[in-house]
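Colleague: here is my input, please return the structure:
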Amino acid sequence: MTDRLSKWLSEKRTDGLLSRTFEVPILSFEFVPPRTDAMEQRLWHCIRRLAPLAPRFVSVTYGAGGTTQAGTLSTVLRLKRETDLTPAAHLTCVGATRDEVDDLARRYRDAGVNHIVALRGDPPAGAADYSPLPGGYAYASDLVAGLRRIADFDICVAAYPETHPTASSPEADLDNLKRKLDAGATRAITQYFFDSKIYLRFLDRCLAAGITAPIIPGIMPVSNYEQIVRFSAVCGVTVPGWLRHLFDGTAKNPELRRIVASMVAVEQIRTLQTYGLNEFHVSTLNRSDLTYAIAHILGVRPIQTGASHNLTHPLETTDIPDERETPADFNATERTQEGAPPFMLRTLFG
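Modeller: Numbering: from 1, shown residues only. Now for the predicted structure:
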């Protein structure tokens, strides 16, 4: 035995993130409403696969300009009707008057849907800038206050660790978050990020500003690196050089990409757990395999509940395309995927 090896064996070593003992994290999942029958089949295949993991809640996104209001509503109501999952409906200020938004909120309340993700929303396609609709809610803080007048909703709002691209300054962006929480929001979910230090510095700034509500990290598994780069440029999200290096040479190897993507997401969550964080919101992109693998590595296991026992039987025999070979349904111009852009891929300034 060499002196070097003998010294190495005798010294105390730090365990890796995967081998350390961590608390099983609390996860929530994000889905997007489908535009076609095939996309709907894939969505409900994904829901059925992930439901036994017992997420804290599952959110359903809302298209720019309110374009998927009907799809969001029908998906949320079906989740409430046919599963034991806790659905959270995305609701925005754009594309509807205050009375119309209030009526939609009451429909959710009357259906027993008590969770809302309240957002200002993106302007309709073709509009360069956001402009409040006459007679509508102007900003997410106004929407939160309006929802509080209707029912005792559990309300999530958006937070931006790297500052929203249209904010005049990081301080103004943080002030806006505080207004939303002061108006009655329960918690915030962040825009996705890849550098954990960015989130941790943002959390320090929130605490210094007197924000004590939970700030849930948004996790975006990298199912398509090139698309993530394009969307990140629009959203003001930093794509680190190490992430590019990890995905180099994987364009024609989807299986390798999935392995790398799961590794990146798990390490991100494990790193944040070392700082005491234990709740995370994961965008599924309506594909279950990657999300399921990430959850499994984190120690989240299926439990025997009725979470999906009511889902309609035809799905059991429907052929679902292999997720490893199915191209993503993003449109870089419209920033949409399956009818509504994932919350964490949007430039929502609420």
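Colleague: helices and strands around the strand or helix carrying Asn176, which ones?
Modeller: Here Asn176, judged by DSSP states H and E, is contained in helix 170-182. On a contact count with 3 or more Cβ pairs under 8 Å, 6 or more residues apart in numbering; DSSP states H and E, helix 170-182 meets helix 140-150, strand 154-159, strand 187-190, helix 196-208. Quick note: C-beta positions are derived from backbone N, CA and C, even for glycine.
Colleague: Tyr62 is in contact with Gly121, correct?
Modeller: Yes: the pair Gly121 / Tyr62 is scored as a contact, 6.9 Å apart, by Cβ atoms under 8 Å.
Colleague: which one's more surrounded, these two?
Modeller: Neighbours were counted for Gly121 and for Tyr62 using other Cβ atoms under 10 Å; Tyr62 has more, 31 against 27.
Colleague: you'd agree that one is in a strand?
Modeller: No: assigned with DSSP: H, G, I helix; E, B strand; the rest coil, Tyr62 falls outside any strand and is coil.
Colleague: name the nearest residue to it, sequence neighbours excluded.
Modeller: Leaving aside its sequence neighbours, Tyr62 sits nearest to His90 (Cβ to Cβ, 6 or more residues apart in numbering; 3.8 Å).
Colleague: assign a three-state SS to the one you found, would you?
Modeller: With three-state DSSP as the criterion, His90 reads strand.
Colleague: what does the helix holding Asn176 contact?
Modeller: 118, 139-141, 144, 157, 159-160, 163-164, 167, 188, 205-206, 209-211, 213, 349-350 (Cβ atoms under 8 Å, 6 or more residues apart in numbering).
Colleague: stretch 287-298 too?
Modeller: 18, 22, 24-25, 27, 29, 42, 45-46, 49-50, 53, 221, 223, 258, 261-262, 265-266, 269-270, 282, 284, 323-324, 326.
Colleague: in helices, which of these fall?
Modeller: 42, 45-46, 49-50, 258, 261-262, 265-266, 269-270 (DSSP state H).
Colleague: what's opposite the residue most central in space within the chain in the beta bridge?
Modeller: Against the mean C-alpha coordinate of the chain, by Cα atoms, centre = their mean, the closest residue is Ser283 at 4.1 Å. Under DSSP bridges, the beta-bridge partners of Ser283 are Glu30.
Colleague: pLDDT wise, what is it at?
Modeller: pLDDT, Ser283: 96.
Colleague: now Leu147
Modeller: With respect to pLDDT, Leu147 scores 98.
Colleague: find the nearest non-adjacent residue to it, please.
Modeller: That would be Phe153: by Cβ to Cβ, 6+ apart, it lies 5.2 Å from Leu147.
Colleague: ditto for Leu246
Modeller: Distance criterion Cβ to Cβ, 6+ apart; nearest residue to Leu246, sequence neighbours excluded, is Val260 at 5.3 Å.
Colleague: and for Tyr160?
Modeller: Nearest one to Tyr160, counting by Cβ to Cβ, 6+ apart, is Gln191 at 4.9 Å.
Colleague: ok, that neighbour touching Ile219?
Modeller: No: assessed by Cβ under 8 Å, Gln191 is found out of contact with Ile219, at 11.0 Å.
Colleague: just to revisit the earlier point, backbone dihedrals for the residue nearest to Tyr160, both of them.
Modeller: Dihedral pair for Gln191: phi -60, psi 150, per degrees, to the nearest 10.
Colleague: so where is this structure shaky, pLDDT-wise?
Modeller: 1-20, 63-69, 124-128, 304-350 (pLDDT under 70).
Colleague: show me where it has its strands.
Modeller: Listed in chain order, the strands of the chain (DSSP state E) span 26-31, 58-60, 87-92, 115-119, 154-159, 187-190, 215-216, 218-219, 279-283, 330-331, 336-337.
Colleague: what's the second one in contact with?
Modeller: The contact list for strand 58-60 (Cβ under 8 Å, 6+ apart) reads 28-33, 47, 50, 72, 75-76, 79, 85-90, 115, 117, 156, 281, 343.
Colleague: give me that answer again for 10 Å
Modeller: 27-33, 43, 47, 50-51, 68, 71-79, 83, 85-90, 115-117, 156, 189, 281, 283-284, 340, 342-343 (Cβ atoms under 10 Å, 6 or more residues apart in numbering).
Colleague: can you select the buried ones from the residues you listed in PyMOL?
Modeller: Entered in PyMOL, the line below selects the buried ones among the contacts of strand 58-60, by 16 or more other Cβ atoms under 10 Å:
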select buried, resi 27+28+29+30+31+32+33+43+47+50+51+68+71+72+73+75+76+77+78+79+83+85+86+87+88+89+90+115+116+117+156+189+281+283+284+340+342+343
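Colleague: separation between Ser28 and Ala88?
Modeller: The gap separating Ser28 from Ala88 is 8 Å, by Cβ to Cβ, to the nearest Å.
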